[in-house]
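Enquirer: Sequence plus predicted model, see below.
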Amino acid sequence: MEYNIVTVIDIGTTKIATIVAQYSKSGSIEILGHSVVPCKGLSKGNVVDVAKTSEGISQSISILKQYYNLNIKSAFLSITGSHVNFEDRWDKLNSIGKSGVITREDIIKNPLNQIDKNIANKSILHTIPIGYSVDGSDEILNPIGMHSTNLSVKTHIISASPSAVTKLIQAANESNIQSDGLILEPLASSHSVINESEKNDGVLMIDIGGGTTDLMFFKNKTVEYTAVIPVGGFHFTNDIASTYQIDSREAEYIKIKYGSATTNIKNNFVQEIEMKSKLSPEPIKVSHTELIRLTRERAEELVKLINIKIKPIDFENNPKYKIVITGGTSNLNGLSDLIARNITSNVRIGKPKIGLNNLVKFKNIPEELKNPRFSTVLGMALWAIGGILNETSDSSFEPEKIQKNDPYTYSLNTQLGFLINILKDFYNNVKKISQQIIKNIIKGD
């Protein structure tokens with residue numbers, strides 16, 4: 001039996017977000033359930049504590065079971081971090097054009113199948129075709145229909161540290177979740193927040209996650225540049241928590257409500273902010289101006305790091321290039337203005353869009369997920385389902401290896417457990433009603 005359901009888990013430095021989605025052959029996607037829980041097992045995108053990461057995944061899966069009655073056995077997992085590597089290479093595709101013309105089947109062949117030995121000490125995440133050469137003529141984006149038997153492909157190869165991959169999969173396995181595949185976080189986010197015209201004209205996506213800031217530049221509808229900066233939203237939060245000696249959860253709330261990347265605060269400005277100190281039972285009061293100086297300095301440092309990384313893109317001589325910022329910290333007041341002053345004025349905040357294209361799109365997105373914080377997990381669902389339906393380009397994607405599980409099928413013991421809980425609830429409700437009836441009768445006497 002074929003089950004058209006996939007699960008995606010975005011395992012981040014600060015949170016784990018999970019979505020279970022059902023898709024049709026026409027491309028319609030329905031979100032069956034989702035969960036968001038804290039994560040304490042990662043640092044700068046890397047798994048540093050397998051047990052704590054596994055605990056977070058288990059908690060996320062447990063919520064899906066408890067609230068949506070979904071039994072998850074496998075999932076796509078997100079990955080990022082400074083260990084991720086990017087390179088471009090040319091490879092000749094053999095046995096091309098047997099029918100006289102180059103076909104779609106010809107160009108989706110994976111040239112890395114026979115030459116993995118040349119990618120030493122790396123785990124391949126994605127192999128994305130970004131250009132072709134036909135009879136020595138380069139810069140061809142789509143060779144389908146051309147008459148030739150001499151075809152080479154330029155591939156953007158995204159790889160990761162084998163040890164980082166092993167830890168991530170181990171954390172999932174210890175939560176009784178098998179890996180359907182790994183998805184690079186910025187690649188996923190790009191499917192969620194960037195449109196095709198932007199990818200054609202030139203657009204840099206800046207995905208500011210909890211522990212890293214991921215960069216991905218598109219032009220002519222292909223990936224041209226990728227990079228990872230080991231600074232993210234957690235560092236803003238940690239600055240506040242360590243400076244004022246307050247709990248990190250409160251620091252996160254204060255960052256979101258009062259933090260800013262600029263001194264120009266028109267709304268929500270207050271003279272003082274009251275915080276609960278970890279060192280004293282008495283609250284402390286911090287001037288809003290002082291807090292803004294702290295978050296502004298961190299924002300300026302991040303923008304400087306971005307500027308250093310994107311020098312190969314040459315924004316200065318290409319004023320039409322656009323920047324789309326996403327991720328939780330993209331909501332920080334004034335951040336887009338800071339980027340506009342230092343890189344390009346052509347910048348916007350990327351909120352999750354409804355679909356990959358007119359074919360592959362969501363029927364429903366829960367209101368709480370319509371936020372840049374969830375661009376990655378929604379993009380993961382679009383990437384995975386788009387890959388299954390041949391709407392996303394990644395020659396290393398093997399949909400036939402996805403676990404075919406029915407999320408509504410449980411073991412006999414699990415089903416008995418659900419039945420027992422239902423009967424218990426029924427008994428307790430009957431007991432309460434009976435006791436209330438007896439009390440009313442006694443009062444009536």
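Expert: Everything's here; your move.

Enquirer: residue ranges for the helices of the chain, please.
Expert: 50-68, 104-107, 162-173, 185-193, 196-201, 233-244, 248-258, 288-309, 335-342, 375-388, 412-444 (DSSP state H).

Enquirer: Now tabulate those in TSV and tack on distance to Ile140 and mean neighbour count.
Expert: For the C-beta atoms, the positions are set from N, CA and C on the backbone; glycine is no exception. Putting the helices of the chain into TSV (distance: least, C-beta to C-beta, whole Å; neighbours: other C-beta atoms under 10 Å) gives the following:
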stretch	distance to Ile140	mean neighbour count
helix 50-68	43	19
helix 104-107	11	15
helix 162-173	33	18
helix 185-193	23	28
helix 196-201	16	15
helix 233-244	40	20
helix 248-258	47	18
helix 288-309	29	17
helix 335-342	34	18
helix 375-388	23	28
helix 412-444	54	10
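
Enquirer: Least confident of those, on average?
Expert: Mean pLDDT is lowest for helix 412-444 among the helices of the chain, at a mean of 70.

Enquirer: so which of the helices of the chain gets nearest Phe86?
Expert: Closest to Phe86 of the helices of the chain is helix 185-193 (C-beta to C-beta; 10.5 Å).

Enquirer: Please name every helix or strand in contact with the closest one.
Expert: strand 74-79, strand 203-208, strand 213-219, strand 222-229, strand 322-326, helix 375-388 (3 or more C-beta pairs under 8 Å, 6 or more residues apart in numbering; DSSP states H and E).

Enquirer: Spit out the contact partners of Thr263.
Expert: Thr263 sits next to 289, 292-293, 296 when contact means C-beta atoms under 8 Å, 6 or more residues apart in numbering.

Enquirer: and if we set it to 7 Å?
Expert: Going by C-beta atoms under 7 Å, 6 or more residues apart in numbering, Thr263 touches 292, 296.

Enquirer: how far away is it from Leu291?
Expert: As defined by C-beta to C-beta, to the nearest Å, Thr263 lies at a distance of 11 Å from Leu291.

Enquirer: How about Asn331?
Expert: If you go by C-beta to C-beta, the gap between Asn331 and Leu291 works out to 16 Å.

Enquirer: Map the structural domains onto the sequence of this structure.
Expert: 1-83+161-195+353-409, 85-160, 197-351 (automatic domain parsing).

Enquirer: now the nearest residue to Val36 once chain neighbours are set aside, which residues is it bridged with?
Expert: Nearest non-adjacent residue to Val36, counting by C-beta to C-beta, 6 or more residues apart in numbering: Ala17, 4.9 Å away. Ala17 has the following beta-bridge partners by DSSP bridges: Asp10, Val36.

Enquirer: shouldn't Ala17 be in contact with Asn371?
Expert: No - applying C-beta atoms under 7 Å as the test, Ala17 and Asn371 come out as separate, 10.6 Å apart.

Enquirer: neighbour count winner among the two?
Expert: Between Ala17 and Asn371, counted using other C-beta atoms under 10 Å, Ala17 has the larger neighbour count: 23 against 15.

Enquirer: show me the contacts for the more buried one.
Expert: Ala17 touches 10, 36, 374, 377, counting by C-beta under 7 Å, 6+ apart.

Enquirer: Surely the last one and Ile11 touch.
Expert: When you say that, I think you mean Val377. No - the pair Val377 / Ile11 is not scored as a contact, 9.8 Å apart, by C-beta under 7 Å.

Enquirer: Any figure for the gap between Ser260 and Ser35?
Expert: 31 Å.

Enquirer: got it, and Glu105?
Expert: For Glu105, the distance to Ser35 - C-beta to C-beta - is 39 Å.

Enquirer: do the same with Glu290
Expert: 37 Å.

Enquirer: same deal with Ile169?
Expert: Counting by C-beta to C-beta, the gap from Ile169 to Ser35 is 20 Å.

Enquirer: and what of Glu400?
Expert: Counting by C-beta to C-beta, the gap from Glu400 to Ser35 is 28 Å.

Enquirer: Give the residue from these two that has the larger number of neighbours.
Expert: Neighbour totals were compared for Glu400 and Ser35, and Ser35 leads with 21 against 7 (other C-beta under 10 Å).

Enquirer: give me every residue that touches that one.
Expert: Here Ser35 is in contact with 18, 60, 63-64 (C-beta under 7 Å, 6+ apart).

Enquirer: Then Arg296?
Expert: 260-263.

Enquirer: Just give me the closest of the residues you listed to Gly202.
Expert: Distances from Gly202 to those, taken by C-beta to C-beta, are shortest for Ala261, at 24.2 Å.

Enquirer: Quick check: nearest residue in space to that closest one, chain neighbours excluded?
Expert: Ala299 (3.6 Å).

Enquirer: With Gly33 instead?
Expert: Tyr68 (3.3 Å).

Enquirer: Could you report the separation of the one you found from Ile31?
Expert: 10 Å.

Enquirer: re earlier: isn't the residue nearest to Ala261 up against Gly259?
Expert: No - contact criterion C-beta under 7 Å: Ala299 and Gly259 do not qualify, at 8.7 Å.

Enquirer: okay, and the common contacts of those two?
Expert: By C-beta under 7 Å, 6+ apart, the residues touching both Ala299 and Gly259 are Leu332.

Enquirer: Quickly list what Asp91 is bridged to.
Expert: Partner residues in beta bridges with Asp91, using DSSP bridges, are Val153.

Enquirer: wait, isn't it in contact with Ile157?
Expert: No - at 10.1 Å, Asp91 and Ile157 do not qualify as touching, with contact defined as C-beta under 7 Å.

Enquirer: ok, which pair from the contacts of Ser35 is furthest apart?
Expert: Farthest pair in the contacts of Ser35, by C-beta to C-beta: Thr18 and Ile63, 8.0 Å.

Enquirer: could you dump the contacts of Ser35 to JSON lines with distance to Asp135?
Expert: Below are the contacts of Ser35 laid out as JSON lines (distance: C-beta to C-beta, whole Å):
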{"residue": "Thr18", "distance to Asp135": "48"}
{"residue": "Ser60", "distance to Asp135": "51"}
{"residue": "Ile63", "distance to Asp135": "56"}
{"residue": "Leu64", "distance to Asp135": "52"}
